[in-house]
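[1] pasting a predicted model and its sequence here:
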2 protein chains.
Amino acid sequence: MNSVTSLFAPVEKDLSLLADNLKSLVGARHPILSAAAEHLFGAGGKRIRPAIVLLLARAVSKDREILLKHRRLAEITEMIHTASLVHDDVVDEAAVRRGVPTVHSSFGNRIAVLAGDFLFAQSSWYLANLDNLTVVKLLSQVIMDLAEGEIQQGLNRFESGLSIDAYLNKSYYKTASLIANSAKSVGVLSGLPESQSEQLYHYGCNLGLAFQIVDDILDFTSSDEVLGKPAGSDLKSGNLTAPVLYAIEERPVLVNLIEREFSQDEDFKQAMELVRSSRGIERSRELANQHVHKALECLQGLEESDSRQSLVDISEYILRRLY
Amino acid sequence: MNSVTSLFAPVEKDLSLLADNLKSLVGARHPILSAAAEHLFGAGGKRIRPAIVLLLARAVSKDREILLKHRRLAEITEMIHTASLVHDDVVDEAAVRRGVPTVHSSFGNRIAVLAGDFLFAQSSWYLANLDNLTVVKLLSQVIMDLAEGEIQQGLNRFESGLSIDAYLNKSYYKTASLIANSAKSVGVLSGLPESQSEQLYHYGCNLGLAFQIVDDILDFTSSDEVLGKPAGSDLKSGNLTAPVLYAIEERPVLVNLIEREFSQDEDFKQAMELVRSSRGIERSRELANQHVHKALECLQGLEESDSRQSLVDISEYILRRLY
């Protein structure tokens, strides 16, 4: 199995229904946003987050049925994720994401801010109408964490003294919180005992961290073409990730290059080479590996099923992206 | 009594506590946002929305006490309002608001989008932690309405066929929904019977509409200095309000000027004169007057108190702004 979407077989139809719902939700009522909606929820998206929600919903239910409230939760998860991407691209002034021009570069700041606000608003409304205060709290914490993550990323730019713990913390805010809290919400909506919902939280949390670490490694090991954006963009903008932080321990000269913000010719090129030739990549892989294994342990309590198997495969696929 | 803030006497200390809370909430934890927080929650703000929430909370309670959850509701109301202003200013590319440069013009789009997202996120979190699903639904509807209002305003630019009903609808989304639903939430949090909470909703709704209509009149009748922005800015940007819509009925030539988006010399100046010399201003005053009277009727069920008197005075003050 090579592509991530083939891992989603047990929920393939559910995901295409979800994409249609999201497109019509944003686009049909508001022509001004319809191009943005097609752009955001069209064929390009991988829908990993809603896929995890739907797979978990099937995996924990006795008859492998997905309830309407699970579908809504999957939509909310994708809307929150998309809203935060659209606003992040405004904040970071990113021109492309996964090889596609961003909403703000295609349609302008105006539409990007509106589309993000609309998606956040719609997700709050759906959320309130799930009629479950525990889930409202879990997901509103996610929205806080995403804002916090974006702000921390701004504060810590070119901060070469960042610890791996602080990096993981930032990655939790940016990526893992949404997957963890959505996963836990599946359990809450299915009426699982608290301890089992907590296991789903830890599955999502570790999977999310592994996912982010792998993304951060690929920023150093992939080509511009595969990434759909220039390699090393994170480093260049001062967003320091696991490979660099480990590399700094071996190659202290990196600190100088980072602290002068790559202001001299060749600084950035030299920094990329220093990271690539260090053990930073290998140690980051090790870190991602640890989190994938923790994620897999959390699945042990689930009954055997196709959906459970997909959740295992997704976890392992994350590491395979590196080879 | 001349200034609006002197109307808030029964909750003056509560409002200054609220301003301190909001400033430290946004600013202290995030130096990157502290200048924006000072700017947003510093001395300049009128805090009409949280004042109404706090006054209603006192007016409906037997012992005139404000509960902690009412204070939180007042903070949430001000945060939602401020977040939407900050993002509106990005969307509308507004340079000044009430004579003060906007967050996006002072600190850039980046900080403006972040600050707005942070405030929306914080308000969702506070909201969830009020532990009242009815209030969560009321306020998440407001967040939807604000997004809808901003999108509609974009769609209806230079739409000279706009009806007064459509204008009131847009004003509900933009302004009245927040005041109405916050007012109703006061009743819900105080455990009032549904019919009494509904009365608070109608008070807020009519007050909000009157407030917006008066603002829209002042855009034609005030000077740049008093407005703190160029007079006629709404008309210039194609946001058609009550005075213009009524004026069109008397002076059909306005339609041509609007539909060519004031593209010829003197178009805009001529349009301003046509509106100012029409009965549009007077008929808009009449409309505001009707809504103030409806708002006052909704207060009849409340016991006599200083706070109730302030709520009456605020309603009347809104009309006095015109003279």
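    Received it, and whenever you're ready, just let me know what you need. Numbers count the residues shown, from 1 in each chain, chains lettered A, B, ... in the order given.

[2] ok, the residue positioned nearest the centre of chain A to chain B distance?
    Nearest to the geometric centre of chain A sits residue A:175, at 4.3 Å (Cα atoms, centre = their mean). From residue A:175 across to chain B, the span is 16 Å (Cβ to the nearest Cβ, to the nearest Å). For glycine as for every other residue, the C-beta is placed from the backbone atoms N, C-alpha and C.

[3] apart from its neighbours in sequence, what residue is nearest that residue?
    Spatial nearest neighbour of residue A:175, chain neighbours left out: residue A:212 (4.2 Å); criterion: Cβ to Cβ, 6 or more residues apart in numbering or on different chains.

[4] buried set for the helix or strand harbouring that neighbour?
    With elements taken from DSSP states H and E, the one containing residue A:212 is helix A:194-221. Within helix A:194-221, the residues scored as buried using 16 or more other Cβ atoms under 10 Å in any protein chain shown are A:197, A:199-221.

[5] please apply the same query to stretch A:34-47.
    Residues of stretch A:34-47 classed as buried: A:36-37, A:39-41, A:45, A:47 (neighbour count, 16+ other Cβ under 10 Å).

[6] repeat that for stretch A:296-307.
    Quick answer for stretch A:296-307 (16+ other Cβ under 10 Å): A:296, A:298-299, A:302, A:305, A:307.

[7] which residues sit against it?
    Here stretch A:296-307 makes contact (Cβ atoms under 8 Å, 6 or more residues apart in numbering or on different chains) with A:9-11, A:55-56, A:58-60, A:64, A:196, A:199-200, A:202-203, A:206, A:308, A:311-312, A:315-316.

[8] again, but for stretch A:193-209
    Stretch A:193-209 has contacts (Cβ under 8 Å, 6+ apart) with A:52, A:56, A:60, A:168, A:171-172, A:175-184, A:186-188, A:192, A:288, A:291-292, A:294-295, A:298-299, A:301, A:311, A:314-315, A:318.

[9] low-confidence ranges, the stretch 151-300 of chain A, go.
    Along the stretch 151-300 of chain A, the model assigns pLDDT under 70 to no residue.

[10] tabulate the buried residues of stretch A:296-307 (JSON lines), appending secondary structure.
    Below are these laid out as JSON lines (DSSP: H, G, I helix; E, B strand; the rest coil):
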{"residue": "A:296", "secondary structure": "helix"}
{"residue": "A:298", "secondary structure": "helix"}
{"residue": "A:299", "secondary structure": "coil"}
{"residue": "A:302", "secondary structure": "coil"}
{"residue": "A:305", "secondary structure": "coil"}
{"residue": "A:307", "secondary structure": "helix"}
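
[11] would you turn those residues into CSV with distance to residue B:151?
    CSV is the format used below for those (distance: Cβ to Cβ, whole Å):
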residue, distance to residue B:151
A:296, 44
A:298, 41
A:299, 42
A:302, 42
A:305, 42
A:307, 38
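
[12] from the residues you listed, which is closest to chain B?
    For the buried residues of stretch A:296-307, the residue nearest chain B by Cβ to the nearest Cβ is residue A:298; the value is 25.3 Å.

[13] how much space between that closest one and residue A:69?
    Residue A:298 is 22 Å from residue A:69, where distance means Cβ to Cβ, to the nearest Å.

[14] repeat that for residue A:223.
    Residue A:223 is 42 Å from residue A:69, by Cβ to Cβ.

[15] neighbour count for these two, which is higher?
    residue A:69 (19 against 9; other Cβ atoms under 10 Å in any protein chain shown).

[16] which residues does stretch A:250-257 contact?
    Applying Cβ under 8 Å, 6+ apart, the set of residues contacting stretch A:250-257 from outside is A:160, A:244, A:247-248, A:267-268, A:270-271, A:274-275, A:278-280.

[17] compare those residues and tell me which is most surrounded.
    For those, neighbours were counted using other Cβ under 10 Å, and residue A:244 has the most, 28 neighbours in all.

[18] please name the residues that touch the nearest residue to that one once chain neighbours are set aside.
    Distances taken as Cβ to Cβ, 6+ apart place residue A:275 nearest to residue A:244, at 5.5 Å, with adjacent residues excluded. Contact analysis of residue A:275 by Cβ under 8 Å, 6+ apart lists A:220, A:235, A:243-244, A:247, A:254, A:281.

[19] hey, C-alpha coordinates of the helix or strand where residue A:275 lies in CSV?
    Using DSSP H and E, residue A:275 sits within helix A:267-276. Output of helix A:267-276 as CSV, limited to C-alpha atoms (Å, rounded to 0.1, in the frame of the first residue of the first chain):
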residue,chain,number,x,y,z
ASP,A,267,24.4,30.9,5.8
PHE,A,268,21.1,29.1,5.0
LYS,A,269,22.7,26.6,2.6
GLN,A,270,25.5,25.9,5.1
ALA,A,271,22.9,25.3,7.9
MET,A,272,20.9,22.9,5.7
GLU,A,273,24.1,20.9,5.0
LEU,A,274,25.1,20.9,8.6
VAL,A,275,21.7,19.5,9.6
ARG,A,276,21.6,16.9,6.8
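
[20] what distance separates that helix from the centre of its chain?
    26 Å (Cα atoms, centre = their mean, to the nearest Å).

[21] just want the angle from that helix to helix A:194-221.
    Calculated by axes from the mean of the first three to the mean of the last three Cα atoms, to 10 degrees, helix A:267-276 forms an angle of 120 degrees with helix A:194-221.

[22] rewinding a little: just the closest of the buried residues of stretch A:34-47 to chain B, please.
    residue A:36 (11.3 Å).
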